[in-house]
Structures are given as C-alpha cells and as structure tokens.
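*Asks:* coords below, sequence missing:
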C-alpha cells in the first residue's frame, strides 16, 4: 500500500508518493515533514528529543517478557552494585540471599588501654554478642609516702578489691623536757588512740622568806638564782619621793612645774635647755664669741651628740674653728664636736657627734654646760627668749644665793679647757637654745 498526499514540493504538505510500508511522517525542528521508517516487530513509537523528528521506535515497556530462573546471590559482604545485562525479568518473590551471622565467639579480648580497630572479619556480630574482658588482678599495696600513679596494668580491678595498708608502728615517747621536734622516718602509721606520754611534773620549790629590795633608783635588773618562789602578796618596795636629782618628784615638785609642756623627745632630743616656743626672738652675732648654756641631763641618759638652734644661716669666710663643747657642772671640758665650717651656714638644729664617742649615762640626773664657738661668720643669728636682755641676767641667769650661772658669753678663738661657771664672761638673759641626743 502506497500512501498518498499533496504534491508540489511544499515541505509542510504531504506528497502523494515516495513512502514505504509503515512509515510515519513527523516534522523536524524547521517544520519540514519527514518519513520515519517503521521499527522492528514489537517496538512502539516513542518520543525521543535526541532524534531529529522527535520520535523513534523502541522496545515496548509492557507485555509478556521472559522470566529469569536464576538470581544473583548476595550472601557475602563487599559486593559491588551493577545494572545488569539480562533480557529476562525477575519474579516478584525472588531473593538475593544475605551474609550469614558468625557462629564464633568474638576473638578480641578487651583490656585496659586497648585501641579501637575496624576489624577484618567477613561475618557480622550477633546483637547479643559479648567480648571477654581482661581478668581481675590483685591490687598493689600502699606505703607511707607513696606518690600517686596511673598504673600500667592491663587488667581490671574487681569491685570488691582492697589495697593493703601500712602496719601500725610503735610511738615515740615524750616523757622528758627539751626534746627536739622531728618529722620522723617511719613507714608505719599511728593508731588514733595513741599517746606519747608526758614528762613527770617537776617538784614545787618552797616559798621564799626574803625579797630583793628596790628602794633606790638606778638598781640594775637581775634574773636571780634562788631555788625558792615568791609569795603572791610579796612587794619589793619603792624609792622615796624627794626634791633632789636622785629622787622621784612629788606632784608639787618644782622640777615638774619647770618642765616644758612639750618634751625634748618631740624634737628628737634627750634633753633641751628651754621650750623652743619661748625662743622666737633672735639676735645676730659677731665673730670670736663663746656662749655657754647650763643644761639638765636626766638620769640614765647617754650623751652622743650636741646641738645648737640656728635661726638665720650665715656665710663663712674660712676662719677656724667652729665647734660645740660639753663641760661638766664644774666647768671642766668633757669632749667636743669636730671643727665644722658649715656649722652655722644652715638654719635649724645644728651640731654633731662627740669626737671621743658617747658619754656614759649616770644613775642620777646632773647639770652640764654646752659651750659653742662662732668664728669667721657673717649674717648669722640665733633664737633667744622673746625680749631677752642682759639687764635680766640677775634673775634669768643667776638663782637665789648666786652659784652657777645659767647663761654667759665671752670673747675667744678656741673652746676653753675649763672655765668658772660662777664668774666666766658676762652673765646674760640671752639663753641659747641647746640640746643633746
């Protein structure tokens, strides 16, 4: 049978002739009609976008195929997948099989510190499988001073395991006095109810029937050597009150009334000639002048340094010496400071150490004189009592009945070896502000 159609060569129209049995006419992408030859038996016309006409003949998807009587076994691990080449189909109740479970116990014993491993077995493990564990071993014993350790054993400890302990040891006796402390070196432990013992109680001495008297000043301390003890109501006595330098002052003692309200220790001194608050007047000095001031030294005071107060610093021209001297109450020289050209060139408390070293303390208070020498200076002034005047010397420098003067001055170019405290130089109301430390 020959197909018929339109003639004239129009690609959008069918020709009457030129076709073969089974041809199918289809349009290509340009719209031209083309015959698509018939396919093989049982093939069906199928849309195919890769073909020029968009259709092609292919095997049918339905119909009765040939069943396969074999199947690919999958009874081992590690098989790869494949699309297959068989033209037969698998039956609906087919199966591929599966790998067998292992019948053997797990081969690996799990011990402490064992590393993980993927394994190489070709069989799976059952869900209720059990790995054997490393057997329990006896724990190590401990001793005093053992340090902690992680351990290197590959076995586990049983839940009711027990470590051996140190043994109990003997105790050190402490039954005598004077035993030294010791850390000890024992490897045993002490029981909780242990005791070290104690020294026996010493014998109690008898009571003393006498006591050391302390009724005078200047008594030195003494630990004593008596084997007896003092009674609880014993007394040592005490020195009597009085008005002399060697006795304590009563409440109405003149020595207390004359004491400055601000102590010498407030100025870093052990003794001072007057209250600095009352020395806010001043006077200038010429060269080659000696000034002497009487000073009370309390009992048990060691004299190491001499000091003189300077109000306005002066300028030195190099003339020597410039010193301060210490004299006893008879006017005899005890010691002096070193010659110092800067002695009067700075305001404030000026002075220095005695060249012969500290003068020992005395058990009773005493008077001394501090004498200072000024040479080669200009512009220096020292503090004196307000409104000081030589006309006041009769009651400022001299006491009832005369005697040693409190303040005096004289010309000189060196500190004297001695002087007469009752008549030296000129008695004055210009009391120098001096001190010792």
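*Replies:* Thanks, I have the structure now. What you are looking at is a predicted structure, and each value in this text was computed from that prediction instead of being measured.

*Asks:* list the contacts of stretch 126-138.
*Replies:* With contacts defined as Cβ atoms under 8 Å, 6 or more residues apart in numbering, stretch 126-138 is touched by 101-102, 105-106, 108-112, 153-158, 161. C-betas here are computed from N, CA, C, even on glycine.

*Asks:* end-to-end on that stretch?
*Replies:* Taking Cα to Cα, to the nearest Å, stretch 126-138 runs 33 Å from one end to the other.

*Asks:* ok, now stretch 330-346?
*Replies:* End-to-end distance of stretch 330-346 (Cα to Cα): 32 Å.

*Asks:* can you check stretch 47-56 too?
*Replies:* Start-to-end, stretch 47-56 (Cα to Cα) is 6 Å.

*Asks:* next helix or strand past the helix or strand harbouring residue 294?
*Replies:* Per DSSP states H and E: residue 294 is located in strand 289-297. Downstream of strand 289-297, the first helix or strand assigned by DSSP H and E is strand 305-310.

*Asks:* what lines up beside whatever helix or strand comes next after that next one in the sheet?
*Replies:* Using DSSP H and E, the helix or strand that follows strand 305-310 in sequence is strand 315-316. Neighbouring strands of strand 315-316 in its sheet, by DSSP bridges, are strand 377-378 (antiparallel).

*Asks:* which residue ranges of this protein form helices?
*Replies:* Ranges of helices in the chain, per DSSP state H, are 254-257, 393-396.

*Asks:* ok, residue 145 - how many residues close by?
*Replies:* As a burial measure, residue 145 scores 9 neighbours (other Cβ atoms under 10 Å).

*Asks:* then the one 3 residues further on?
*Replies:* By the measure other Cβ under 10 Å, the count of residues near residue 148 is 5.

*Asks:* and the residue lying closest to residue 36 once chain neighbours are set aside, how far is that from residue 366?
*Replies:* The shortest distance from residue 36 to any non-neighbouring residue, by Cβ to Cβ, 6 or more residues apart in numbering, is to residue 24 (4.5 Å). Residue 24 is 154 Å from residue 366, where distance means Cβ to Cβ, to the nearest Å.

*Asks:* returning to what we had before: which of the helices of the chain has the lowest average pLDDT?
*Replies:* Lowest mean pLDDT within those: helix 254-257, a mean of 50.

*Asks:* how about low-confidence regions in the protein?
*Replies:* Scanning the chain for pLDDT under 70 picks out the ranges 1-17, 61-65, 107, 111, 241-261.

*Asks:* can you list the domains in it?
*Replies:* Domain assignment for the chain by automatic domain parsing gives 1-50, 267-436.

*Asks:* taking the ones you listed together, which one is wrapped up most tightly?
*Replies:* Stretch with highest mean neighbour count among these: domain 267-436 (a mean of 17; mean count of other Cβ atoms under 10 Å).

*Asks:* now it, how far from the chain's geometric center?
*Replies:* Here domain 267-436 shows a centroid-to-chain-centroid distance of 53 Å under the convention Cα atoms, centre = their mean, to the nearest Å.

*Asks:* what's the end-to-end length of it?
*Replies:* In domain 267-436, first residue to last residue: 10 Å (Cα to Cα).

*Asks:* stretch 298-309 now?
*Replies:* With Cα to Cα applied, stretch 298-309 spans 21 Å between its terminal residues.

*Asks:* tell me what residue 34 is bridged to.
*Replies:* Assigned bridge partners for residue 34, using DSSP bridges, are residue 26.

*Asks:* hmm, residue 19 and it touching each other?
*Replies:* No. The criterion here is Cβ atoms under 8 Å, and residue 34 misses it with residue 19 at 10.8 Å.

*Asks:* now for the two: what residues contact both?
*Replies:* With contacts taken as Cβ under 8 Å, 6+ apart, residue 34 and residue 19 have residue 25 as neighbours in common.

*Asks:* out of the contacts of stretch 126-138, flag the one nearest to residue 40.
*Replies:* Closest to residue 40 out of these is residue 101 (49.7 Å), distances taken as Cβ to Cβ.

*Asks:* what is the orientation angle of the strand holding residue 294 with strand 305-310?
*Replies:* Angle of strand 289-297 versus strand 305-310, following axes from the mean of the first three to the mean of the last three Cα atoms, to 10 degrees, is 120 degrees.

*Asks:* which residues touch residue 375?
*Replies:* Residues near residue 375 by Cβ under 8 Å, 6+ apart: 287, 288, 319, 320, 321, 322, 413.

*Asks:* quick one, phi psi at it?
*Replies:* Per-residue torsions, residue 375: phi -140, psi 150 (degrees, to the nearest 10).

*Asks:* contacting residues around the closest residue to it other than its chain neighbours?
*Replies:* Sequence neighbours aside, residue 319 is the residue nearest to residue 375 in space, at 4.8 Å (criterion: Cβ to Cβ, 6+ apart). Residue 319 makes contacts with 287, 375, 376, as judged by Cβ under 8 Å, 6+ apart.

*Asks:* now, which of the residues you listed sits nearest residue 327?
*Replies:* Among the contacts of residue 319, and counting by Cβ to Cβ, the member closest to residue 327 is residue 375, at 18.9 Å.

*Asks:* where's that closest one relative to residue 41, distance?
*Replies:* According to Cβ to Cβ, residue 375 stands 154 Å off from residue 41.

*Asks:* got the contacts of residue 375 as JSON lines, with distance to residue 228 columns?
*Replies:* Formatted as JSON lines, these follow (distance: Cβ to Cβ, whole Å):
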{"residue": "287", "distance to residue 228": "69"}
{"residue": "288", "distance to residue 228": "68"}
{"residue": "319", "distance to residue 228": "69"}
{"residue": "320", "distance to residue 228": "65"}
{"residue": "321", "distance to residue 228": "61"}
{"residue": "322", "distance to residue 228": "61"}
{"residue": "413", "distance to residue 228": "66"}
